[in-house]
Each structure stands twice: as structure tokens, then as C-alpha cells.
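Trainee: Give me coordinates for this.
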Amino acid sequence: MAKKRQTTQRTQAAQATPAQKPLVEISEDEQWRLVEQTGVLRKISDIQKPGETTDNVEPLPLADEIFNAVVFIMPLTFFLIMMDILIHQQYAQHPTAGEVAGRLLTNFPILSIFVFYTTRHKANPRTQLALFILSLGVGPRMIWLINHGSWLVNMRQCPQFATIWLYAVVQLDLNWAVLALVMTGAWAWFTGMKLAL
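Mentor: Below is the predicted model:
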């Protein structure tokens, strides 16, 4: 019962206090005139309109760009070494550590430069187009080599093609990557190429 009295007293007190009036009353026409004179609406629309994205993105510092490239270079280098060892094992060849290191030393600088610049300009539509075309060229070439190439040519070219194809598909935007893979798959199916080794 005490709770009921307290809530009743609070509601009566709230009803008894009148709503505070603004200190200065300005008509609506006067308010709009002040807004137009100050240019507040133009400043807001100049900053960014709703739904728009800003294209003036600040470039990353060089250290961040190098880090982003290294994040891709390390796994791609390991993938290249793995593909090189696997293709040699497939043809019953046993490369020595020196042979693998020699091939790595010739491929690593080119791979690093390629990854650095394509990572730096990944958002550029021209880079996306170049990676898409590269994917359409490298993927079918590697599949054709596996089906028709000699074992020496396969051992020399397939690890690099597999690495570049993987990297191109990973760097592409999702819709372009799916389109490139579907087109490569359709080409392989149409020409009767087998994807199994």
C-alpha cells in the first residue's frame, strides 16, 4: 500500500510541474533563415552524403604495405616449395635441399615483387582485371600441362603456375574469383581435361 501511495504522489508531482519553456522563442521561418545563413546543411552535405563512400583513402605507410605483402609472401613461398617437392615425388624424382633452395632463390625475388605491388594496388580495378586475366591464362595452362605436358616441363612450370593461380584467385574480389574459377572449370569440362593427377 505504501508503494501505491509513493507512485501516486510521484505522478501527481510530475503533473503539477509545468513543462519548461525555451529561454528564447524563435519562429520556424527565422530558424530556417539562420540555418541557411550559417551554411550548416551545406557543410554536412559536403562532408559526406548518406550512402556514399569516400574515395580519398590515405595511403598506408610503407611498413604496413611491407607487412601486408609479407603476410602473403610467406605462405606462397611455402606453397611453391611444397608444389615443387610434390611434383618431383610424383615423377619419382628426389630433389636435394640444394636443388630446392636454388629454385627458390630464382623464384622468390620475382614472387615477392609481384606480390608487393599487386597487394599495394589490390583495390584498383585495373589490377583486378589483370589478376582476372592472369587467372584465366595460368589456370588452363597448368591443367593443359598436367594432361599433355612432358614430365620435365611439368616439373619446371607447374609449381610456379599453381602458386600464381592460387595467389590470383585469392587476391581477386569474390565475384571475379568465382567467375574465373567457373570459366576455368567450364573450359576443362568442355575440352575433356582431367583435373586429377
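
Trainee: need the contact list for Trp144.
Mentor: For Trp144, the contact set (C-beta atoms under 8 Å, 6 or more residues apart in numbering) comprises Met193. All C-beta atoms are positioned from the backbone trio N, CA, C, and that covers glycine.

Trainee: In terms of pLDDT, where does it sit?
Mentor: What the model reports for Trp144 is a pLDDT of 94.

Trainee: Which helix or strand contains it?
Mentor: Here Trp144 sits within helix 125-148, counting by DSSP states H and E.

Trainee: Can you spell out which helices and strands pack onto the next helix or strand after that helix?
Mentor: Per DSSP H and E, the first helix or strand lying C-terminal to helix 125-148 is helix 151-171. Applying 3 or more C-beta pairs under 8 Å, 6 or more residues apart in numbering; DSSP states H and E, we find helix 151-171 packed against helix 62-90, helix 97-120, helix 125-148, helix 174-191.

Trainee: most packed of the ones you listed?
Mentor: Among the helices and strands packed on helix 151-171, ranked by average contacts under mean count of other C-beta atoms under 10 Å, first place goes to helix 125-148 (a mean of 17).

Trainee: CA atoms only: put that helix into PDB for me.
Mentor: The C-alpha trace of helix 125-148 is given here as PDB (Å, rounded to 0.1, in the frame of the first residue of the first chain):
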ATOM      1  CA  PRO A 125      40.000  -2.000 -61.000                       C
ATOM      2  CA  ARG A 126      42.900  -2.400 -63.400                       C
ATOM      3  CA  THR A 127      44.800  -4.600 -61.000                       C
ATOM      4  CA  GLN A 128      41.600  -6.700 -60.500                       C
ATOM      5  CA  LEU A 129      41.200  -7.000 -64.300                       C
ATOM      6  CA  ALA A 130      44.900  -8.000 -64.700                       C
ATOM      7  CA  LEU A 131      44.600 -10.700 -62.000                       C
ATOM      8  CA  PHE A 132      41.400 -12.000 -63.600                       C
ATOM      9  CA  ILE A 133      43.100 -12.300 -67.000                       C
ATOM     10  CA  LEU A 134      46.100 -13.800 -65.300                       C
ATOM     11  CA  SER A 135      43.900 -16.400 -63.600                       C
ATOM     12  CA  LEU A 136      42.200 -17.200 -66.900                       C
ATOM     13  CA  GLY A 137      45.600 -17.700 -68.500                       C
ATOM     14  CA  VAL A 138      47.500 -19.600 -65.800                       C
ATOM     15  CA  GLY A 139      44.800 -22.000 -64.600                       C
ATOM     16  CA  PRO A 140      44.000 -23.500 -68.000                       C
ATOM     17  CA  ARG A 141      47.700 -23.600 -68.900                       C
ATOM     18  CA  MET A 142      48.500 -25.600 -65.800                       C
ATOM     19  CA  ILE A 143      45.600 -28.000 -66.400                       C
ATOM     20  CA  TRP A 144      46.700 -28.500 -70.000                       C
ATOM     21  CA  LEU A 145      50.300 -29.100 -68.900                       C
ATOM     22  CA  ILE A 146      49.200 -31.800 -66.400                       C
ATOM     23  CA  ASN A 147      47.200 -33.500 -69.100                       C
ATOM     24  CA  HIS A 148      49.600 -33.100 -72.100                       C
END
